[in-house]
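In: Quick one, what's the 3D model for this:
(3 chains)
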Amino acid sequence: MTKKYGMVIDLKRCIGCHTCEIACKLENDVPMGMYWNRILTEGGKYMDAPKGEYPNVQRGYLPLACQHCENAPCVKVCPVAATYKSEDGRVLINYERCIGCRYCMAACPYNVRVFNWQEPVRIPDFDYGSADTPKRKRGIVEKCSFCEQRVNKGMQPFCVEVCPARARHFGDLNDPSSEVAQLVRTRKGEQLLEDRGTKPQVYYVR
Amino acid sequence: MQSEKESKGFSISRRNFLKGTAAVGTTVGLLGVSTYGLKWLQPAQAQTEAKEEPIRSVCSPNCWQTCNHLVTVRDGKVVKSAPAPMPERTYDRICLRGLTHLQRVHHPERIKYPMKRAGERGEGKWEKISWEEAFNTIAEKFSQLRKQYGKQSIAIVGQSGNYGVLNGGYAGQYRFSGVLEAVHATGSVDTSLSTGFAAPMGTGIFDAYSNEPLDWVNARTIILWGSACAETQINEWHFIQEAKEKGARLVVIDPIYTATAQKADIWVNLRPASDTALALGLMREIMAQGMVDKDFLLHHTCAPFLVRSDDKQFARAEKKPLVWDTNSQSAKPHDSSGIVPELEGTHPINGVACTTAYSLLWDKVKDYTPQKVAELTEVPASMVVEVAHLLAANKPGGIKFGFGADRYHHANLLGQAMITLLGLTGNMGKSGNILGMAFYGFDPMIYNAGWLFPAGTFPAVLPLMRLQDTVIKQDPHPVKALYIMCSNLLVQTADRNKWLKEVWPKLEFVVAVDQFLNNTMDYADIILPAAHYYETEEPVLAGDVPYVLYRRQALEPLLEAKPDWEIYQGITTKMGLGQYFPEKLQASKEWFDMPILKQQGITFDKIRQEQAVRFLPNPYIPWKDGKFKTESGKLEFYLEKMAATAEELPVFKWPLEAGPDSKLAGKYPFVLLTRHEKFRIHSQYENQPWLRELNPEPVADLNPKDARAKGIADGEMVEVYNDRGHVVLKCRYNESIRPGVVHIQQGWWRYVAGHHQELTHAQFKEGIFNYSFFDVRVDFRKYAGGELH
Amino acid sequence: MFNKRYVNPWTVILAILSLVGLGAWVYQLANGLIATGMRNVVSWGLYITLFMFFVGLSAGGLIVSSSATVFNIKQFKPVAKPAVLLSSTCIIVATLLIFVDLGRPDRFLNLVFHPQFNSPLIWDVIVIGIYLVTSLVYLYSMTREEPNLKNIKVLSAIALPVAILVHSVTAWIFGLQIARPTWHSALMAPLFVASALDSGLALLLLVLIGLNQFTSFKVDKKLISTLGGLLAVFIAVDVYFVFSEILTALYPGEEQLMGYLTLMLSGSLAPFFWGEIILGAVVPFLILVVPKNRLKSSLMLLASGLVVVGVLFKRIWLLFSSLLLPLIGLAPGVTLGAYQMPETFGQAATPGIWATVGSYAPTWVELAIVVGVCAFGALIFTVGTYFFLTPVQTAEALPKQGGAVSAT
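Out: The predicted structure is shown next:
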């Protein structure tokens, strides 16, 4: 069977520390002003603010990046097939082909795609991260690629490697013995906005 | 600079353009598209697949997680930090802050070269000088002051900015101050709670007294007391989480609903500064219900020791504390064989009534019924009972403290209460116990006195918080000059206005060493650019990992930065003391010349090769034999030395300001908590661009009820103030915050006006020189603008 | 002679505005789309709004003109030529608006070299291509000295469904998106066609009145009145669809959808929504239902103008209602994608990069480009008028061709 790469994020473990968020930025040479991977607060109006009234309060964290949907709306709408579904189930972008129409951004229910509105600003002012991270320029869309440059070499995405809470898992959802498949099965993995039918390959367990 | 960048960009695009035109025709180029395009027409870039060998370094600020990093350097630039594999992979670690190091190394605002002040202090005008001039100036000034006022006219000021041995604020800095015989002003932070906690064990305050984190997963009950570990010591969290997944119950004691409290089974949202009352209540409940570990108490603690009613000291025979042997119905030395000591009771010995320490403890705690504790702490009585029962019955377990609870005037009593509590429940020495904090780099290591003081001369060690009065009164030392390193002194110590208005005018000379122009630098006379962690090679004092650590140099110091060690070399050479600062490898090698390593055959070569070498048993579980480092070898929660101040046993006292009994409570109804957050370690990383994206500006977190009562809308500017000073910042409604509390993250360098450290005070408890940063009352009002001070 | 005819204050102004727009576009190219008011939450803005609008204007005009031939509605035939010219112009404007919206216009040809046929945008490229060619051929056929009526009949038979399709496909660009609650509706295509009909016809009326006023091309007032009556019908149909759409969304009271509807009905988009309903539909409808009014040029101008503006408002609330609110609107939100380097990182506050709710206002660059593109369209139309509607040599021939058109 072909591979279907996917991720499982354990929300019980997630502490909202943003380490994966920064790691993504570092590894993937993501410029200032944008993140591929964001840690959202399930709670109040601000980052880290809870809902409810003290002391009856509640808060959770939701790490959000590309869901690598099986039924990916962004892939369907891309007029030039710059966004495509790889054979192993990842939603990837051919940055050399993207025309910058941003239709994929309108099509994505998760708002995980970011556009290079300006000449990318990097601090420090050079390309960081892995040497083989695809380079992006102004005028195109980018997003989480499950660290394609690492996964292609058999490594884990960097966010999975660094997660201090060990809350992130990556692997082949089609392999029933894989950690991710087992977690989805045993802990009843949930998909985000399941009602949209996009069939995300990122699962959340609570 | 900018135009240079642009023109460079243009020249590249010109090449692209020329390549592109053949295929596409000129139109596209003429339209100006070529300025950023046509890459798809270029030949594929030569693949620079040269194998990148990352270098292993250590990130070593005062979260004391001492994460080992693999640092990738490409074309002389740090391009990546990643977690390095540790001997036990469960200690592989990095955090959001550590991942941003490339921004510290290559920060656009890094101090480029040594500078001297060109305007008034605080004005921010600087003039570039050479290192030669800097060394000469400092050496001359130091020599002149030493001649004029004595050697202790110079104070070396250090805090926790770096755990490096050569270049950090702990080992090499002592060597520097020792050689100069200067005043060494340090500490005063995190030391009160740990003093009370460590004393009964007879250890140093930062000793290796707790089980190591990898064993915490065996705990059944974990109490995080004033610890936002999931934010501040992120890499300790997963051990607790794993324990939870194995069935452990987690209690988090914190007035604020932190990310850590969010994970708790029981969140004890107590009133600020009431912690010790809670601890006494827990003890009372455990004792009243007979849930104590009697065997442990009798044989491994001072519980049966007889205390004389006259001088409050242990009754002794042949210098040994006596216990009441129920077999012989007589007082016997506690370590006599064949005795059955009595836990509770009073007996006359030589005409003096003597009572067991346990009975005395009961006397102290018996009034702290759950109901009374509920009144004091505003925590439900049932919760007090529940937590007590968990700790006593759901064993093994332990208490991991954070320093939130350390920030009040009588925090030592809380530390003492915590260790007593753990003694009562007999959790020590067992797998699954947590004793306060995991810390393995200091007390087992730092006693390398030969290395620290090679000249046989010593510094005059001064608790940092006494420095203000020392300078102002020129007593006990005539301090005229400060040499500040590993510290953003004016952000990380209290009573900023006193520093600036009373201390600074008395200082003839201030040298400050850092990577950035933070607001301590603003007030220096000479500024020296320090090297970054990655730019140095040295041993590193481990924090919560049981290893000897060593960092390799990933790159040469950028710009004109120098490691502290080389700065010491430069200054001392000019003063004729250079022989004490040998080449760094030699100095590193000498550092490791200590018995604990020699016994295990751990050589310098091995350490330098492997860079993380375990030197404690695996798993490290101290106190297995039930023998403590006290004179009696038992856990002496009854502190004889403290009898003079009636603090021989833990007692509850409201602190100076934060308690409801404070005289200031009417005028300043709010307690100011300035806790650590995940975006900084103290004031380090404050100016990191990525972290600033996540956390762009200081805010005063207020409970919406409190803010609304003053007619302050969410997001409005507020002025938080008290008699000592003020700070102006945006207010943010936040239901995490307990009503009656104003919360500001600590570590912010600058505000619209004022500073949170203007609000804090530097009053200390005699013998316990510790900043009480949270023991502060304030009020706040809408900020109408107007004069910024 | 050539120059004299074409160079006049009107064309000069249009040419200057076109050049200003071109200059603004060059500025946008040099700086990137950061020069616009678009960011990551609201990632489409004025360009796409006007793209929708102009496709509608184009389709509407063509539907009217080609139905004249297809259904042999004789009285409409005189307006066929200006209608087709207008349609062609509008579709060129629409295409230009897509072009200026691209982040990488240099890769425009990827649409041709690497088409991905699942994408409604590719459908649109194809349909617009066919449409443009059809319109131009149609226009050419009609304006030949001896038009081949059979060809015209065939062409109009193609043009009518293509015109309906072109606007339907444009609707489907939005309507097929599961991610966007206010777009995702089966009614989107009929709704677009309905508003194409009213806005297209309204624009045609404006143009006809203008031609009557300023050129030798004259249209009978009766015809204008008839078209005005038709416009009233179209308005009613459009409003009916809008009502049906809103009612369907509103009735269940589903929480998330209500968020979007609130934006439209009482939030930041309310001026556009109610503006469309009241100014763009109710008022012109009330004017147009009274036959007397339809004979007054001023009232016809007002009514038609209001309809055009009303439909523009509709494009605005339609596009932004979905874009403003991310489906997952948790704090701190979406990264906007713009970064302003602070003067120093040591200061109290550094610039924010997050938003949980979108916001959008066009910048002067966008406005200049849009004005330029529109001016360019007007210029094409004007020149086309000179060529096709009022050619110098064949001024006398006009009545022959034009049926009811008066020669004076």
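
In: if I look at C:Ala355, how far off is A:Ala106?
Out: Noted for C:Ala355: a distance of 16 Å to A:Ala106, by CB to CB, to the nearest Å. The way it works is simple: take the backbone N, C-alpha and C, and place the C-beta from them, glycine included.

In: quick one, which of the two is more surrounded?
Out: Neighbours were tallied for C:Ala355 and for A:Ala106 using other CB atoms under 10 Å in any protein chain shown; the higher tally belongs to A:Ala106 (23 against 19).

In: element containing the more buried one, please.
Out: Secondary structure assignment for A:Ala106, by DSSP states H and E: helix A:103-107.

In: what ranges do the strands span in chain C?
Out: Remark: strands assigned in chain C by DSSP state E are C:334-335, C:354-355.

In: pLDDT score assigned to residue 143?
Out: By default, I'm working from chain A. A:Lys143 carries a pLDDT value of 98.

In: The intended chain is chain B.
Out: pLDDT for B:Ser143: 97.

In: Checking it next. Helix, strand or coil?
Out: Counting by DSSP: H, G, I helix; E, B strand; the rest coil, the backbone at B:Ser143 sits in helix.

In: residues near it, how many?
Out: Neighbourhood size, B:Ser143 [other CB under 10 Å]: 14.

In: For chain A, see how far away it is.
Out: 40 Å (CB to the nearest CB, to the nearest Å).

In: ok, that residue touching B:Leu577?
Out: No - between B:Ser143 and B:Leu577 there is no contact under CB atoms under 8 Å: 10.6 Å.

In: quick one, what contacts A:Lys3?
Out: Residues near A:Lys3 by CB atoms under 8 Å, 6 or more residues apart in numbering or on different chains: A:87-89, A:172, A:174-175.

In: circling back: could you single out the most deeply buried of the strands of chain C?
Out: strand C:334-335 (a mean of 26; mean count of other CB atoms under 10 Å in any protein chain shown).

In: Distance to B:Glu583 and mean pLDDT for the strands of chain C - can I get that in a markdown table?
Out: Output for these, formatted as a markdown table (distance: least, CB to CB, whole Å; pLDDT from 0 to 100):
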| stretch | distance to B:Glu583 | mean pLDDT |
| --- | --- | --- |
| strand C:334-335 | 48 | 96 |
| strand C:354-355 | 49 | 96 |
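
In: Can you lay out those strands as TSV showing distance to B:Arg614?
Out: TSV is the format used below for the strands of chain C (distance: least, CB to CB, whole Å):
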stretch	distance to B:Arg614
strand C:334-335	42
strand C:354-355	43
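
In: Including distance to chain B, could the ones you listed go into a markdown table?
Out: Below are the strands of chain C laid out as a markdown table (distance: least, CB to the nearest CB, whole Å):
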| stretch | distance to chain B |
| --- | --- |
| strand C:334-335 | 8 |
| strand C:354-355 | 8 |
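
In: out of these, nearest to chain A?
Out: Nearest of those to chain A, taken as CB to the nearest CB: strand C:334-335 at 4.4 Å.

In: what helices or strands is that closest one leaning on?
Out: Under the contact criterion of 3 or more CB pairs under 8 Å, 6 or more residues apart in numbering or on different chains; DSSP states H and E, strand C:334-335 touches strand C:354-355.

In: Just the buried positions in stretch C:20-34, please.
Out: C:21-22, C:24-25, C:28-29, C:31-34 (16 or more other CB atoms under 10 Å in any protein chain shown).

In: do the same with stretch B:347-358
Out: For stretch B:347-358, burial by neighbour count (16+ other CB under 10 Å) applies to B:347, B:349, B:354-358.

In: next one: stretch B:657-669
Out: B:657-659, B:662, B:664-665, B:668.

In: Which two of the residues you listed have the greatest separation?
Out: Using CB to CB, those span at most 12.4 Å, a distance reached by B:Gly659 and B:Tyr668.

In: Quick one: the helices in the stretch 51-200 of chain B, in order.
Out: B:101-105, B:131-149, B:172-180, B:192-198 (DSSP state H, counting those that start in this stretch).

In: Determine which of the ones you listed approaches C:Pro161 most closely.
Out: Ranking the helices of the stretch 51-200 of chain B by distance to C:Pro161, with CB to CB as the measure, places helix B:101-105 first at 58.8 Å.

In: export the buried residues of stretch C:20-34 to CSV and tack on distance to chain A and pLDDT?
Out: Converted to CSV, those look like this (distance: CB to the nearest CB, whole Å; pLDDT from 0 to 100):
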residue, distance to chain A, pLDDT
C:Gly21, 20, 97
C:Leu22, 19, 97
C:Ala24, 16, 98
C:Trp25, 14, 97
C:Gln28, 10, 97
C:Leu29, 9, 96
C:Asn31, 7, 95
C:Gly32, 5, 96
C:Leu33, 5, 97
C:Ile34, 4, 97
